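Trainee: Build me a model:
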Amino acid sequence: MVKITFVEHDGQKHVIEAEPGQSVMQAAKSNDVPGILADCGGQCACCTCHVVVEPSCMPEVGGPNEVEEALMQVSIEMEETSRLSCQIQVSESMDGLIVRIPEEQLG
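Mentor: Take a look at the predicted model:
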């Protein structure tokens, strides 16, 4: 299992365990992490699973593909390490991953 920490804008943390091979979004939904709405069900068709990856974790996570980046550019206020959690596949090397949930998703 891989530990992932989701941090809300107020600093509240949700530490969950994820299975390698599932998406970060699936892991969040399975563990009732607030703010990960995933309205499109992980089809990279919305930005309701937007997270901001801790910069030190980016080498393991990697950057967005062209479709993901284009969608984020027209839908949200991106940060340098923004990703859609539905597009991040959990791997063993991501153990300790930290992502921040943008305030606008926590409503």
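Trainee: residue ranges for the strands of the chain, please.
Mentor: Assigned by DSSP state E, the strands in the chain fall at 2-7, 13-18, 50-53, 82-84, 97-100.
Trainee: any chance of these in JSON lines, plus mean pLDDT?
Mentor: JSON lines is the format used below for these (pLDDT from 0 to 100):
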{"stretch": "strand 2-7", "mean pLDDT": "98"}
{"stretch": "strand 13-18", "mean pLDDT": "98"}
{"stretch": "strand 50-53", "mean pLDDT": "97"}
{"stretch": "strand 82-84", "mean pLDDT": "97"}
{"stretch": "strand 97-100", "mean pLDDT": "98"}
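Trainee: can you redo these as a markdown table with mean neighbour count?
Mentor: (C-beta placed from N, C-alpha, C; glycine too.) A markdown table is the format used below for these (neighbours: other Cβ atoms under 10 Å):
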| stretch | mean neighbour count |
| --- | --- |
| strand 2-7 | 19 |
| strand 13-18 | 15 |
| strand 50-53 | 25 |
| strand 82-84 | 25 |
| strand 97-100 | 21 |
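Trainee: Let's have the ones you listed in CSV, adding distance to A28.
Mentor: Putting those into CSV (distance: least, Cβ to Cβ, whole Å) gives the following:
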stretch, distance to A28
strand 2-7, 6
strand 13-18, 7
strand 50-53, 8
strand 82-84, 12
strand 97-100, 9
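Trainee: quick one, which of these is nearest to Q26?
Mentor: For Q26, the closest of the strands of the chain is strand 13-18, at 7.9 Å, according to Cβ to Cβ.
Trainee: Parallel or antiparallel, which strands does that closest one pair with?
Mentor: strand 2-7 (antiparallel) (DSSP bridges).
Trainee: need the contact list for M94.
Mentor: By Cβ atoms under 8 Å, 6 or more residues apart in numbering, the contact list for M94 reads 2, 4, 57, 60-61.
Trainee: want to try TSV for the residues you listed, with distance to S91 as columns?
Mentor: Output for those, formatted as TSV (distance: Cβ to Cβ, whole Å):
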residue	distance to S91
V2	7
I4	11
C57	12
E60	7
V61	9
